[in-house]
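> next one to model:
(one chain, ligands or ions: 1)
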Amino acid sequence: MNTPQTNKLQNALLAWFGAHARVLPFRGVGDPYAVWVSEIMLQQTQVATVVPYYQRFMRRFPTVQKLAAARLDSVLKLWQGLGYYSRARNLHKAARVIVNEHDGIFPDTLDALVALPGIGRYTAGAIASIAFGRRVPVLDGNVMRVLCRLYRLDDNPKSPAAQKHLWQLAETLVPKNRPGDFNQSLMELGATVCTPKNPSCPQCPAQKLCLAYACNEQDVLPKMPKAARTPHYTVAVGLVFKDGKLLIDKRRPDGLLGGLWELPGGKKQTGETLKQAVAREIKEEIGIDVVVGQRLCIVKHAYSHFRITLHAYRCDYTAGTAKPIHCAAVKWIAPTDIAKYAFPAATLKIFTAAASLINCHLDCS
Ligand code: SF4
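Residues are numbered from 1 along each chain as shown. Here you go, the predicted structure:
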């Protein structure tokens, strides 16, 4: 049973959402496949970044059947630059499960949805409420912040006890009518009004109901734990040439950047030079000997849990047969074919930085 306060909140947010929601290509679509693709892309990623990726993806794979039939390489290529590549691998895997085990019909219950690869409680709640009108909650970072402020919750919101409480709270708030719109209104409020810094309380439809605002605590809630220091690694990689061809290798399918192509190389060990690191890593990873030449560029890149500085060297093949020892595949490619393969952002930065320095055309557009 709704309390009068809950009714007021639901009405205020639904009215505000109807009038102020951003127009986005995945809004109001209702197709569970489209909702799923957009929700996966939106994880850890800004809406403005997602929109062109979403549009390209839906043009290329408009149905779950098309996605299931695609090669993983094609999916990763389309995902290139969006990051968190396990999302793309899981989308592809889950599409095949839906086609093979659910006759291509998208499951509509929370239990069946969370059983699919890459779908957690949040994504299942989003699909079930937005696409199927089920009265189930969602709790992402935006919703968590809004609820902590509305109800003046000052525990660490990431703690298991707080998470349990927040999910229960989110559940009690979802209305029977328009549960999907209500969940989206909470997410939208967190993304556009109740922002992490300087929330726009004067524009907020829930201001009269907000305990944090009443106590002037909107800038101190939620009380997030301090972020741990991110480790940094120094990595040396080689642009290895043989008869004008460039050597690339494919990462193993699971783990960070799994299934993407990259330049051979790895972390510098204590006591070795960067050039020694490149030669050792290439020998260990691919099984060939190289002469390490000039350094072409230095590239910095940040991942979610660590940062790297990549030193890229021009190398020339001298002996051995390239084989995938610590990777999934190796290939000698024409540098003009780089655009045919999916590479991580850091490798693309190397291609861009090194293009004018090496004696060939590196087209990585
Ligand atoms: S009044 Fe301010 S702090 Fe409270 S929910 Fe609205 S934007 Fe957030």
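
> low-confidence ranges in this protein?
1, 356-365 (pLDDT under 70).

> rerun at 50
Flagging of the chain using pLDDT under 50 yields the residue ranges 360-365.

> and the nearest residue to residue 36 once chain neighbours are set aside, how many neighbours?
Spatially, and ignoring its direct neighbours in sequence, residue 36 is nearest to residue 127 (5.5 Å; CB to CB, 6 or more residues apart in numbering). C-beta: built from backbone N, CA, C; applies to glycine. Residue 127 has 26 neighbouring residues, counting by other CB atoms under 10 Å.

> so residue 127 belongs to a helix, correct?
Yes. The assignment for residue 127 (DSSP: H, G, I helix; E, B strand; the rest coil) places it in a helix.

> verify the stated contact: it with residue 32.
Yes. Look at residue 127 against residue 32 with CB atoms under 8 Å: they come within range, at 5.5 Å.

> give me the common contacts of these two.
Each of residue 106 lies in contact with both residue 127 and residue 32 under the rule CB atoms under 8 Å, 6 or more residues apart in numbering.

> how far is stretch 154-167 from where the chain is centred?
Centroid separation for stretch 154-167 versus its chain: 24 Å, with CA atoms, centre = their mean, to the nearest Å.

> oops, could you answer that again for stretch 41-55 instead?
In terms of CA atoms, centre = their mean, the centre of stretch 41-55 is found 9 Å from the chain centre.

> then stretch 95-108?
23 Å.

> which residues touch that stretch?
32-33, 36, 64-65, 67-68, 112-113, 115-117, 127-128, 131-132, 134.

> following the helix or strand residue 14 falls within, which helix or strand shows up next?
Assessed by DSSP states H and E, residue 14 sits inside helix 4-20. Downstream of helix 4-20, the first helix or strand assigned by DSSP H and E is helix 32-42.

> for that following helix, packing partners?
Contacts defined by 3 or more CB pairs under 8 Å, 6 or more residues apart in numbering; DSSP states H and E place helix 32-42 against helix 47-60, helix 86-101, helix 121-130.

> sorry, back to before: contacting residues for the residue nearest to residue 36?
Counting by CB under 8 Å, 6+ apart, residue 127 touches 32, 35, 36, 39, 106, 113, 119.

> same thing but 10 Å
Counting by CB atoms under 10 Å, 6 or more residues apart in numbering, residue 127 touches 32-33, 35-36, 39, 106-108, 110, 113, 116, 119, 134, 136, 138, 180.

> and the helix holding residue 14, what does it pack onto?
Helices and strands touching helix 4-20, as assessed by 3 or more CB pairs under 10 Å, 6 or more residues apart in numbering; DSSP states H and E, comprise helix 141-150, helix 160-173, helix 179-192.

> which residues are contacting the second one?
Helix 160-173 is contacted from outside by 1-3, 5-6, 9-10, 13, 121-122, 125, 135-139, 143-144, 146-148, 150-151, 153-159, 179, 182-183, 186, 222-223, using CB under 10 Å, 6+ apart.

> can you rerun that using 8 Å?
Counting contacts by CB under 8 Å, 6+ apart, the residues outside helix 160-173 that touch it are 6, 9-10, 121, 136-139, 143-144, 147-148, 151, 153, 155-157, 182, 186.

> do the shortest one as well
Contacts with helix 141-150, where a contact means CB under 8 Å, 6+ apart, come from 9, 139, 153-154, 157, 166, 169-170, 183, 186-187, 189-191, 194, 196, 199, 206, 209-213, 217-218, 221-222.
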